[in-house]
Each structure stands twice: as structure tokens, then as C-alpha cells.
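Enquirer: prediction below, plus the sequence it came from.
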Amino acid sequence: MSQSTTVTPFEVGAMSAVIGAGVGYAMAPRKYNLEQLLTIEPDVFEKSLPQTALAKATDDQKIAHSVITDARKDILTASKKNAAEERLRFLLKSADLDDAYKTIKGLLPKARIQAAVVLGIIGGAIGTIAKMIYDQKNA
């Protein structure tokens, strides 16, 4: 007697999503470091320090956010003169900026969670599509 089981595209997609989320979580840094925070895209920076978190922040954390925002603007200005790398190296050596990062670090969401969600969605989509293509070829 022969028994066979079938796996639906949804099941393959769900398993791929779980695997993708696990890989994303394991490979991502715990939190953005100072260099990443200074150089990430503006929309990602805004998401990494949402206004809701800043509303609940202490005065020191708000000042630290201002210092980091000013440093980002400084790097942007330097990039127009093709000196962004040099300016970034200089800013990373700054004790004031390092202190600001340490102050605001508690407000940063975990980069691991963001990476896990993104890779989970991508993995789920790829797994589902691959299973659907495989089923069509074998039909």
C-alpha cells in the first residue's frame, strides 16, 4: 500500500518564511552601530527613531538625537564636496557623538527584528512562488 502526502504552496511558503526569519535574526546585528546610524537612508533613520519613542524620551536623549541628526546633516553636506568618508571618520572619533550614541542607544529598535521580518517575508514569497512553479511543471 502506497501512501503519499502533498505539501501545499502555503505550507512551503510558511516554512520558508520561518527559515528566512531565523536566518535574518541570526545574521543581523543586535542594534545599529553609530556608523550605520549616521549613514543609513533618511527614511530608515526616521523609522529607527520613531517620533513616538522620542516623545517619551528624556531631555538627554532628545539632545543626543539632535546631535546625531546634526552629524547626519554634516555628512550630507560633506558628500556634496566628495568628502563624506573623511567627515565620517572624523565624526566617529568624536567623544561627544559617541556619548550621544550611548545615550540614545536604548531608544533604537533591534535591527535583528527588522531583518527577521524582512527576510521572513521574502523567504515566504519565494518559497510559495517556487512551489507553485514546481507544481505547474509536474502537472
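Expert: Arrived safely.
Enquirer: list phi and psi for the closest residue to residue 34 other than its chain neighbours.
Expert: Sequence neighbours aside, residue 101 is the residue nearest to residue 34 in space, at 4.4 Å (criterion: Cβ to Cβ, 6 or more residues apart in numbering). To be clear about C-beta, it is placed using only N, CA and C from the backbone, and glycine gets the same treatment. Dihedral pair for residue 101: phi -60, psi -40, per degrees, to the nearest 10.
Enquirer: looking at the protein, which helix is longest?
Expert: If you go by DSSP state H, the chain has its longest helix at helix 111-138.
Enquirer: which strands and helices sit next to that helix?
Expert: In this structure, helix 111-138 packs against helix 9-27, with contacts taken as 3 or more Cβ pairs under 8 Å, 6 or more residues apart in numbering; DSSP states H and E.
Enquirer: pLDDT of the helix it packs on, averaged?
Expert: Mean per-residue pLDDT for helix 9-27: 82.
Enquirer: swap in stretch 132-139?
Expert: pLDDT averaged over stretch 132-139 gives 82.
Enquirer: change the start of the numbering to 629 and stick with it
Expert: New numbering, starting at 629: the last item is stretch 760-767.
Enquirer: pull the distance from it to the chain's centre.
Expert: 34 Å (Cα atoms, centre = their mean, to the nearest Å).
Enquirer: convert the C-alpha atoms of it to PDB, please.
Expert: C-alpha atoms of stretch 760-767 as PDB (Å, rounded to 0.1, in the frame of the first residue of the first chain):
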ATOM      1  CA  MET A 760       3.700  26.900  -7.400                       C
ATOM      2  CA  ILE A 761       6.100  26.800 -10.400                       C
ATOM      3  CA  TYR A 762       7.200  23.300  -9.400                       C
ATOM      4  CA  ASP A 763       3.600  22.100  -9.200                       C
ATOM      5  CA  GLN A 764       2.900  23.500 -12.600                       C
ATOM      6  CA  LYS A 765       5.900  21.800 -14.200                       C
ATOM      7  CA  ASN A 766       4.900  18.500 -12.700                       C
ATOM      8  CA  ALA A 767       1.200  18.700 -13.600                       C
END
